[in-house]
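*Asks:* everything below, folded, please.
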Amino acid sequence: MFYIAVHYIEALLAVHGVHCDDHAERNEHIAKIPELRTIRKEYDVLRTLSRQARYHALPVSPGDINIAQQRLDTIKAQIIYVLTGERP
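*Replies:* From the prediction side, this is the model:
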């Protein structure tokens with residue numbers, strides 16, 4: 001779900017003529033662009049869950065999956081709204 005969020009954010013950045021080469025660069029743009037600042041906390045939660053599962057091999061609970069899905073839904077809705085003006 002984290003990388004789905006990355007793709008949504010990259011789509012919005014592309015509209016601004018930006019492509020990020022790494023996560024650090026993307027984080028800088030998320031902090032700068034007002035439409036992305038509103039979803040920064042959601043993105044950070046997904047990034048943390050992803051890192052815990054991927055690099056620390058921590059178990060992912062059904063609760064974690066629900067939290068991740070909610071955060072992803074919020075990110076997706078914001079990006080769609082910014083790009084189209086429509087609320088999903």
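*Asks:* which stretches in this protein count as helices?
*Replies:* Listed in chain order, the helices of the chain (DSSP state H) span 2-15, 23-32, 34-37, 40-55, 62-84.
*Asks:* which stretches of the chain have low pLDDT?
*Replies:* By pLDDT under 70, the chain contains no weakly predicted segment.
*Asks:* picking that back up, got TSV for the helices of the chain, with mean neighbour count too?
*Replies:* The C-beta positions use only the backbone N, C-alpha and C, and glycine is treated the same way. Shown next, in TSV, are the helices of the chain (neighbours: other Cβ atoms under 10 Å):
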stretch	mean neighbour count
helix 2-15	16
helix 23-32	14
helix 34-37	14
helix 40-55	16
helix 62-84	15
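*Asks:* so what's the nearest residue to residue 36 once chain neighbours are set aside up against?
*Replies:* Once flanking residues are discounted, residue 36 sits nearest to residue 30: 4.5 Å by Cβ to Cβ, 6 or more residues apart in numbering. Contacts for residue 30 (Cβ atoms under 8 Å, 6 or more residues apart in numbering) come out as 9, 36-37, 39-40, 43.
*Asks:* cool, residue 79 as well?
*Replies:* Residue 79 neighbours (Cβ under 8 Å, 6+ apart): 8-9, 11-12, 39.
*Asks:* hmm, back to that, farthest-separated two in the contacts of residue 30?
*Replies:* Farthest apart among the contacts of residue 30 by Cβ to Cβ are 9 and 37. That separation is 11.7 Å.
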